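Asker: I would like to see how this sequence folds:
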Amino acid sequence: MTHEDQTRPPMLPALSRRNFLVGVGTAAAVLGIGSAGAAPALATSDGTVLPLVAPLPAGQPVRTRFAPNEQVLAAYLMIVAPLANSVRDVAPNYGWMEDGWQRTPNQPYNSRIMEHVATLSWFYANDRPWNPYYRDPALLARLDAALGHYLSLQHADGSYPEYAPTEHHLSPTGFGTVALAAVLRDLRAAGELYDRRLRIRDAIRASSAWLVDTSRPHWNRPVQYANQVVAGLSGVVEAAHILGEPAVSASVPNRLQIILKDGQAPAGFFHEPVAPDAGYNFDVMLPDLGALYKRLPDPAIIQLAERFAAWFGYIVVMEPGRDEGFILSGTSARNIVATFVTTPVDDLDRSALARTLVPHVPALGAFFASAEEKTQARDAWSASTAPVSPRQKQDSSPRLHMHVPQAPPGIPGAQRDARVAALRYLRESTFTELRKGTLDQQYVFVRRPGYYTAGLYGVRQNSLQRMGTNAFWHPVAGMLALTVNSTGPDDWTTVADTVGTASSRGPVNATHHAGSTPSGAAIPADALTGYTGVFTTRYVTEDGAVTTDVTHRADGIRRVLTTPGASRERIPLIIGTGDHVAFANGTPAPYGQETITVTRGLTVTRGNLRFVIDWGVGREAKYAPMDRSYLGNRTHRILTVSFSGTLSVDLRVEPVS
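Answerer: Next up is the predicted model:
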């Protein structure tokens, strides 16, 4: 027998006239909640049907009243009133949070919006010295209305829609199961809304059954959008825990085995959909694995995390002397994320709950702020006299306030630094590693004493992935060139203007050869891992228009480009504010100015080292700034070299004489 099957609790008292009048009298204040930056709510009846939730009292929130692990809730406290008051209390769509919260499209059928019922229920049910909404009847009434609308969106098979009313979508069903399980927990703790609890109980039973049903499309092999599937499994396990019904999640260990076999590539990344994505893999999938492990310590979860940690250790490239760096973003298929920052700031800590896995997968410790940094950041937040900023509508996912308070703080800084030092490209000066995708894709990472570089070859999974050479990094000087998977001209590519082919923006066929030319003996793909000598990778665009030969030497790389006519080699440089950039002919290349000249090369001097980009003969070259900055003191600059037919470009690092 579940909680909701027991004796019905007494009915709620009616809303008092006093509370009703307070709500009406503060309607104007509620629309702005009295804080800069907070968006107005659409109080559809102005409180004449459901009383409005009052704005925060003057002077709140008070930072020092928050427990360190609950500071993340302060920004959500700022939006409780506008969020609750956005719940429609008139027809049509009674109960819809209509003011554009969390997800688009802002339509009444988009159930992702309604996950904020978990935000409203938390503030209603949890007594804190800084929470004036604890047991607020106006908040409860609006939560009840929102739950009515949310539950009405569920299809008979247990699924929910997101982009169309008749859609049966994995994402809202998985994330929604987590949200509704949290609401059930809160309402139970408060002893409220018995009938609604019965509906929620039935709803999460049905959604859990749909989520684990292997006849559904999300279990087709290979499993795609692994973050959504794992979020669903996390929801199922959470529902089983809240319901006290182990049978609800009995099939989850089997489903984890499916993810292990068919939802993670041999390379180690999770499918998004059948390619890597740094954002979804690290910020969404990994913390949900942590949430799963807290409820279900299944060995498959550790295997998944270990494989991913090994993969992430190749594509997160730290800048020398810093605990932040760049992501080899050209591999990512969905999110345009170029930098990696181990932030200790809770309201940015989307991956927080993944720290649950660090004691079991030590390699993951390289990618999180240390416990000391977390403590220092929380102390600074508490001591600050600045007003708390509210969550912005489209950056208000309830997952953040659900995850951060229960996440471990992190490992000591000395341990974290040791994990960073153990990253392979920092630990070793020479290696070659080829990792295979689930699709016919080769992810090749090359470390030599003078650099670290990477390339992606094979089929192109979608329009954001960038093929070919995508980075050039030095262990002392840091990143010189980096492809970003955006729609702009910021990828390392050769553009054959006569036919309109860009070598990075379509599938490429790659072969590997011993020595400094593609005429050397072929190196089978399976034999490339462990190869330590000079080798050349030839990759050719699908139409045959662009052939690129990349020779990996000890001190640098050479790219030889062959095209049918007028073409451009485009190199996306990462330039620091203190770098000195000059063309080989003596023409300066000022930091924020576009420069065009005829020359044979370009140099970037950084400290006591100089990056040299040399194409041998005088050709027109353009150095152009881009409106994009990274890590506080780095920006993108695009070097474009014009040529016809053939171009040879050397990249190396040398000491400043």
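Asker: so where do the strands sit in the stretch 51-200 of the chain?
Answerer: Shown for the stretch 51-200 of the chain, no strands are assigned by DSSP state E, counting those that start in this stretch.
Asker: mind showing which ranges of it have poor pLDDT?
Answerer: Within the stretch 51-200 of the chain, no stretch falls below the threshold (pLDDT under 70).
Asker: the chain too?
Answerer: Along the chain, the parts satisfying pLDDT under 70 run over 1-43.
Asker: what helix or strand is the residue nearest in space to the middle of it on?
Answerer: Compute the mean C-alpha point of the chain, and by Cα atoms, centre = their mean the closest residue is residue 279, 2.3 Å away. Per DSSP states H and E, residue 279 falls inside helix 278-279.
Asker: residues near residue 487, how many?
Answerer: Number of residues near residue 487 (other Cβ atoms under 10 Å) recorded here: 10. (C-beta placed from N, C-alpha, C; glycine too.)
Asker: whoops, residue 261 was the one
Answerer: Look at residue 261: counted by other Cβ under 10 Å, it has 12 neighbours.
Asker: surely it is within a helix?
Answerer: Yes: per DSSP: H, G, I helix; E, B strand; the rest coil, residue 261 lies within a helix segment.
Asker: for residue 245, see how far away the nearest residue to residue 130 once chain neighbours are set aside is.
Answerer: Spatial nearest neighbour of residue 130, excluding adjacent residues (Cβ to Cβ, 6 or more residues apart in numbering): residue 65 at 4.3 Å. Computed as Cβ to Cβ, to the nearest Å, the residue 65 to residue 245 distance reads 37 Å.
Asker: for residue 443, same thing?
Answerer: 42 Å.
Asker: of the two, which one has the most company?
Answerer: Taking other Cβ under 10 Å, residue 443 and residue 245 do not tie; residue 443 has more neighbours (27 against 16).
Asker: quick one: strands adjacent to the host helix or strand of that one?
Answerer: Residue 443 belongs to strand 441-448 when assigned by DSSP H and E. Counting by DSSP bridges, the strands paired with strand 441-448 are strand 431-436 (antiparallel), strand 451-458 (antiparallel).
Asker: tell me how far the following helix or strand past the last one lies from the chain's centre.
Answerer: Under the assignment DSSP H and E, the closest C-terminal helix or strand after strand 451-458 is strand 468-474. Here strand 468-474 is found 22 Å from its chain centre; the criterion is Cα atoms, centre = their mean, to the nearest Å.
Asker: what packs against strand 468-474?
Answerer: strand 451-458, strand 478-482, strand 547-552, strand 556-576 (3 or more Cβ pairs under 8 Å, 6 or more residues apart in numbering; DSSP states H and E).
Asker: what's residue 493 sitting at in phi/psi?
Answerer: Dihedral pair for residue 493: phi -150, psi 160, per degrees, to the nearest 10.
Asker: quick one: contacts for it?
Answerer: Contact analysis of residue 493 by Cβ atoms under 8 Å, 6 or more residues apart in numbering lists 466, 468, 483, 502-505, 570.
Asker: and residue 653, by the same measure?
Answerer: Contact partners of residue 653, counting by Cβ under 8 Å, 6+ apart, are 450-451, 474, 477, 480, 555-556, 609-612.
Asker: if you set the cut-off to 7 Å instead, what comes out?
Answerer: By Cβ atoms under 7 Å, 6 or more residues apart in numbering, the contact list for residue 653 reads 450-451, 474, 477, 556, 609, 611.
Asker: do the same with residue 208
Answerer: Counting by Cβ under 7 Å, 6+ apart, residue 208 makes contact with 177, 235-236, 239, 248.
Asker: inside helices: which ones of the residues you listed?
Answerer: Residues of those located in helices (DSSP state H): 177, 235-236, 239.
Asker: and the next helix or strand past the helix or strand harbouring residue 399?
Answerer: Here residue 399 sits within helix 398-403, counting by DSSP H and E. Per DSSP H and E, the first helix or strand lying C-terminal to helix 398-403 is helix 413-421.
Asker: what residues does that next one touch?
Answerer: With Cβ under 7 Å, 6+ apart, helix 413-421 has contacts from 318, 323, 362-363, 365-366, 368, 370, 372-373, 427.
Asker: same question, stretch 173-191
Answerer: 3, 9, 111-112, 115, 117-118, 121-122, 124-125, 147, 159-160, 193, 196-197, 200-201, 203-204, 207-208, 210-211, 228, 231-232, 234-236, 238-239, 242, 398, 402.
Asker: restricting to C-alpha, output it in CSV.
Answerer: Output of stretch 173-191 as CSV, limited to C-alpha atoms (Å, rounded to 0.1, in the frame of the first residue of the first chain):
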residue,chain,number,x,y,z
THR,A,173,8.6,12.2,-20.3
GLY,A,174,12.0,11.5,-18.7
PHE,A,175,12.6,14.9,-17.2
GLY,A,176,9.0,15.3,-16.3
THR,A,177,9.0,12.0,-14.3
VAL,A,178,11.8,13.4,-12.2
ALA,A,179,9.9,16.7,-11.6
LEU,A,180,6.6,15.0,-10.7
ALA,A,181,8.3,12.5,-8.4
ALA,A,182,9.8,15.6,-6.5
VAL,A,183,6.3,17.2,-6.3
LEU,A,184,4.8,14.0,-4.9
ARG,A,185,7.6,13.9,-2.3
ASP,A,186,6.9,17.6,-1.3
LEU,A,187,3.1,17.3,-1.2
ARG,A,188,3.4,14.2,0.9
ALA,A,189,5.7,15.9,3.3
ALA,A,190,3.3,18.8,3.6
GLY,A,191,0.3,16.5,3.8
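Asker: list the buried residues of that stretch.
Answerer: By neighbour count with 16 or more other Cβ atoms under 10 Å, stretch 173-191 contains the buried residues 173-188, 190.
Asker: what about the residue lying closest to residue 404 once chain neighbours are set aside, how many residues nearby?
Answerer: Nearest residue to residue 404 in three dimensions, chain neighbours excluded: residue 72, at 4.3 Å (Cβ to Cβ, 6+ apart). For residue 72, the neighbour count with other Cβ under 10 Å is 24.
Asker: partner residues bridging residue 643?
Answerer: residue 567.
Asker: that's a helix at residue 372, yeah?
Answerer: Yes: assigned with three-state DSSP, residue 372 falls within a helix.
Asker: quick one, what contacts it?
Answerer: By Cβ under 7 Å, 6+ apart, residue 372 lies in contact with 412-413.
Asker: repeat that with 6 Å
Answerer: By Cβ atoms under 6 Å, 6 or more residues apart in numbering, the residues touching residue 372 are residue 413.
Asker: can you check the one 5 residues further on too?
Answerer: By Cβ under 6 Å, 6+ apart, residue 377 lies in contact with 344-345.
Asker: got phi/psi on it?
Answerer: Backbone torsions of residue 377, given as degrees, to the nearest 10, read phi -70, psi -40.
Asker: quick one: it from residue 79, how far?
Answerer: Taking Cβ to Cβ, one finds residue 377 at 22 Å from residue 79.
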